[in-house]
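Participant: using only what follows, build the 3D model:
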Amino acid sequence: MAKQQDEHDEVTITGDQASGGDQGSTLIPMLIGGLILVIIGGIVVMMFV
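Facilitator: Reported below is the predicted structural model:
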């Protein structure tokens, strides 16, 4: 029979760890990538207009 623990270990994690994020931030690279895609899209649209 397994022993029952009377004391419960408290687990504290940050929001970044809870969401599966690593130590580095991914927001800035995503924003830069989106900006580049918008610029490329604008150039493609202007070529046809």
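Participant: below-threshold pLDDT in the protein: ranges please.
Facilitator: 1-7, 16-24 (pLDDT under 70).
Participant: which parts of it are helices?
Facilitator: Assigned by DSSP state H, the chain shows helices spanning 15-18, 27-48.
Participant: pipe those into a markdown table and attach mean neighbour count and distance to residue 9 per row.
Facilitator: For glycine as for every other residue, the C-beta is placed from the backbone atoms N, C-alpha and C. Output for the helices of the chain, formatted as a markdown table (neighbours: other CB atoms under 10 Å; distance: least, CB to CB, whole Å):
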| stretch | mean neighbour count | distance to residue 9 |
| --- | --- | --- |
| helix 15-18 | 10 | 16 |
| helix 27-48 | 9 | 32 |
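Participant: could you dump these into JSON lines and include distance to residue 8?
Facilitator: As requested, the helices of the chain are exported to JSON lines (distance: least, CB to CB, whole Å):
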{"stretch": "helix 15-18", "distance to residue 8": "19"}
{"stretch": "helix 27-48", "distance to residue 8": "34"}
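Participant: please determine how far residue 49 is located from residue 8.
Facilitator: 64 Å (CB to CB, to the nearest Å).
Participant: same deal with residue 14?
Facilitator: From residue 14 to residue 8 the distance is 20 Å (CB to CB).
Participant: equivalent analysis for residue 26, please.
Facilitator: Distance from residue 26 to residue 8, counting by CB to CB: 33 Å.
Participant: between those two, who's got more neighbours?
Facilitator: Neighbour totals were compared for residue 26 and residue 8, and residue 26 leads with 10 against 6 (other CB atoms under 10 Å).
Participant: output stretch 36-44 as PDB, restricted to C-alpha atoms.
Facilitator: This file holds the C-alpha atoms of stretch 36-44, laid out as PDB (Å, rounded to 0.1, in the frame of the first residue of the first chain):
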ATOM      1  CA  ILE A  36       8.600  42.100 -42.900                       C
ATOM      2  CA  LEU A  37       5.600  40.200 -44.300                       C
ATOM      3  CA  VAL A  38       3.400  43.300 -44.400                       C
ATOM      4  CA  ILE A  39       6.200  45.200 -46.300                       C
ATOM      5  CA  ILE A  40       6.600  42.400 -48.800                       C
ATOM      6  CA  GLY A  41       2.800  42.100 -49.200                       C
ATOM      7  CA  GLY A  42       2.600  45.900 -49.800                       C
ATOM      8  CA  ILE A  43       5.300  45.700 -52.500                       C
ATOM      9  CA  VAL A  44       3.600  42.800 -54.200                       C
END
